[in-house]
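**Student:** All I have is the shape, not the residue letters:
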């Protein structure tokens, strides 16, 4: 019985971690869908959101600092796009990916400099960090709240993309960048919106993630970022439901592996999964096979 | 009847629900110049891409010099959504990759020129010699293939001289004027030592005088290199002047084939080009 | 007529555009000899702890690694981010195979001296380091190189992470010493050693790039579809480029282990790959000499010239703002972003620094010659 509740607990944690990855993965998959860019800096936006919270909550009450953190994260995400990606729109794709790596490097180095490289502890958000016990399973509210919140946000986002005019424009841009431009869609606005949504979700993800693992480090963004990217590939890059499913699969598997005592391999597992997906089904779970025009 | 070199049989190419090429069959014989014409979007380039292995056809087969090099039938999802004909006629799946097909002796040019734009004219031609060389990466790196390398360089240079491009050899290919880029692309294709040359709109964007020069050029290389030529072209002067036979494609299907004079008087062809009345579509 | 043609071809092929090859090679040989002599001389007059030697040693090692990455990114058009992983394999292979049996008990103190009780000679171990890294490159290439190049970036990055986790795995401790560091293996004292090894390796890469295979790589970079239509087997050639790159990164890793006198898996993070990639970008993607120059600049800045940025500076009782630990890396990243955004070609673009180039430069400077052919080209294009 104890054993069972241990596994249920791990499963719940897995679902919750999966939800956090999902929120980050959406940013990757949307940006890739529109710009065909692996936004290597996305994980560091997530990290920055963590630090914003650390500093904001030091002097402001939570009900102000949470919206403020989300706002700052969005501003950071959009500025990165404006400063580092927009000037390279006509450049070869490799240049823009290098720019993304440069931004990631800059954000990490700046965070190290600003914080002195020491780990900072994340503020405790009351209520959601509280522990609850259901039957024999002990867990925190955050673990239960994360998947619910994630699904609600994802459903909202999918509806936005499916039913609004802006969503239609986004789909058009991801199908054919140039034609969409010729049809009078303001590409730059659409790209900005994509980054706003992506950064906003990464901000929410960071609040949930750090409430659970309350240590913020300048390099903390790399791992969740990479995993979220793998989740996006697993689900079929460009597909939002795909990224969410992929994120939950990764989150759950990872925690099962940890529960079995192979913590060293919980990170490596993600990449084994990546290689397997690329061998078996490179277009991912929900991705479409694309044919290159000759 | 001369020997058959390219035999295309019941090729259907379906992308999702769209049939780009429908049940296309055609033949090219040794020493012939054959043209494939048709309105824009008729599926001509798609047919080329199937023959050169860039696309795997949904159904049908292609033989080169009597050897079956491509064959396929609808599989998986496609088996249900297949809209073409001759389902069940082909049982095997044979697909050679574009590089293998080039090695067999089919060379091609592209509709929108695809040169190695960062490399020199000489290097562009020299690369074509790479695949037939007997070197390996070690012998090439440590210059043990000196004689072979010299031979490749000499052959490439000879080809450039014959094509009157010797003086351009150190120019970067991407910086050349359009007409010369087209010629260079043909020269590069010739350097692969093909038996069959596929030209995809070689005269696109050329004025009448340049087109006439190109016409002479195609005839000349055909005779000098003992080639068969299969080309897509819109310039009717060029097509009528040098083609032995013509195939006409419209909406993915073959609507006519025959000698140039037959084609120019064929009512269906004229309709396809001048605008389609309703019954012509059926 | 045919004979005339033959003659023109011969002339064109051997056209002495610039210097006679023999003269050129002699000059290059003399310059290299002078360089090595210069280093030897520096070693005689300066104390071995001098910062110059750190910069030279590390710069030479990073040059090799940057050039190996450039072979992929700049010459084959493949975006790989696995260099840290290949270096780690090289470093560990070298270290594990060369620690003398008598030191093993101390190094593998938690694992009963490990399970290996022999030590290979240094050159053999270095070669094996390269080979093992190359083998890993080959294995990753198998699933990934048939796909779009984006996947290569993420798969190689992932591979580097997997390797780091595996090496630190407790059960492998008797071989890799798990997360403890490896030391006591043979290292080099003289700066000449990394210069000669890295120089030889870079020379081999240059030979490869200028061979028929190098041309095929560049063709793939410029246009994959056209390259395939020219009979180039894309997958096979991409594999060759990846394996070669991994091989030399492995040797670079072994050199780095020797330089540091110890290895620890924890150091080979993706940030290390990013640094190397940024070196390549600064030098110019597609320029060997650019990568070399950028490596030395990068190392000199980070180890020496910009060190002062990390220290609190007080002038006349006034403390300069911003300067404290970590500031150097911020300045660095800003410089790099500046290069990436506004100076995308880097120091060298795709050009090479060559004796011919210098010769032509001076000839142009003094005689005004060499401008004419350019005008001709322009005329042709009009």
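**Tutor:** Good, I have the coordinates. Predicted model, so just to flag it, every value in this text is computed and none were measured. Numbering: from 1, shown residues only, chains lettered A, B, ... in the order given.

**Student:** Quick check: which ranges of the stretch 151-294 of chain A have low pLDDT?
**Tutor:** Within the stretch 151-294 of chain A, the ranges that satisfy pLDDT under 70 run A:288-294.

**Student:** ok, how many other residues are close to residue 59?
**Tutor:** Let's take chain A. Using other CB atoms under 10 Å in any protein chain shown, the number of residues around residue A:59 comes to 8. Heads up, the C-betas are built off the backbone N, CA and C, glycines and all.

**Student:** let's do chain C instead
**Tutor:** 24.

**Student:** is any part of the helix or strand encompassing it close to chain B?
**Tutor:** Taking DSSP states H and E as the criterion, residue C:59 maps to helix C:51-73. No: counting by CB under 8 Å from any CB of the partner chain, chain B is not contacted by helix C:51-73; separation bottoms out at 11.9 Å.

**Student:** do that helix and chain A meet?
**Tutor:** Yes: residues of helix C:51-73 are located near chain A by CB under 8 Å from any CB, namely residue C:73.

**Student:** again, but for stretch C:335-344
**Tutor:** Yes: contact of stretch C:335-344 with chain A (CB under 8 Å from any CB) involves C:336-337, C:340-341, C:344.

**Student:** just how off-centre is the helix holding residue C:59 within its chain?
**Tutor:** Relative to its chain's centre, helix C:51-73 lies at 5 Å (CA atoms, centre = their mean, to the nearest Å).

**Student:** helices and strands around that helix, which ones?
**Tutor:** In terms of contacts (3 or more CB pairs under 8 Å, 6 or more residues apart in numbering or on different chains; DSSP states H and E), helix C:51-73 is packed against helix C:21-45, helix C:83-98, helix C:192-209, helix C:234-260, helix C:270-283, helix C:288-300.

**Student:** what sits against the nearest residue to residue C:239 once chain neighbours are set aside?
**Tutor:** Spatial nearest neighbour of residue C:239, chain neighbours left out: residue C:141 (4.7 Å); criterion: CB to CB, 6 or more residues apart in numbering or on different chains. With contact set as CB atoms under 8 Å, 6 or more residues apart in numbering or on different chains, residue C:141 has these partners: C:238-239, C:242-243.

**Student:** Repeat that for residue A:165.
**Tutor:** With contacts defined as CB under 8 Å, 6+ apart, residue A:165 has no neighbours.

**Student:** With residue C:40 instead?
**Tutor:** Contacts of residue C:40 by CB under 8 Å, 6+ apart are residue C:192.

**Student:** what about it, distance to residue A:150?
**Tutor:** With distances taken as CB to CB, to the nearest Å, residue C:40 is found 64 Å from residue A:150.

**Student:** cool, residue C:226 as well?
**Tutor:** As for residue C:226, its distance to residue A:150 is 45 Å (criterion: CB to CB).

**Student:** Dihedrals phi and psi, residue B:9?
**Tutor:** Per-residue torsions, residue B:9: phi -130, psi 120 (degrees, to the nearest 10).

**Student:** and the stretch 101-250 of chain C, which of its residues are near chain A?
**Tutor:** Contact residues (CB under 8 Å from any CB) of the stretch 101-250 of chain C with chain A: C:140, C:143-144, C:147, C:150-151, C:153-155, C:157-159, C:161-162, C:165-166, C:168-170, C:225.

**Student:** do that again at 10 Å, thanks
**Tutor:** When proximity is defined as CB under 10 Å from any CB of the partner chain, the stretch 101-250 of chain C approaches chain A at C:139-140, C:142-144, C:146-155, C:157-166, C:168-172, C:178-179, C:224-226, C:229.

**Student:** Which of those residues fall in helices?
**Tutor:** Counting by DSSP state H, these place C:139-140, C:142-144, C:149-155, C:157-166, C:224-226, C:229 in helices.
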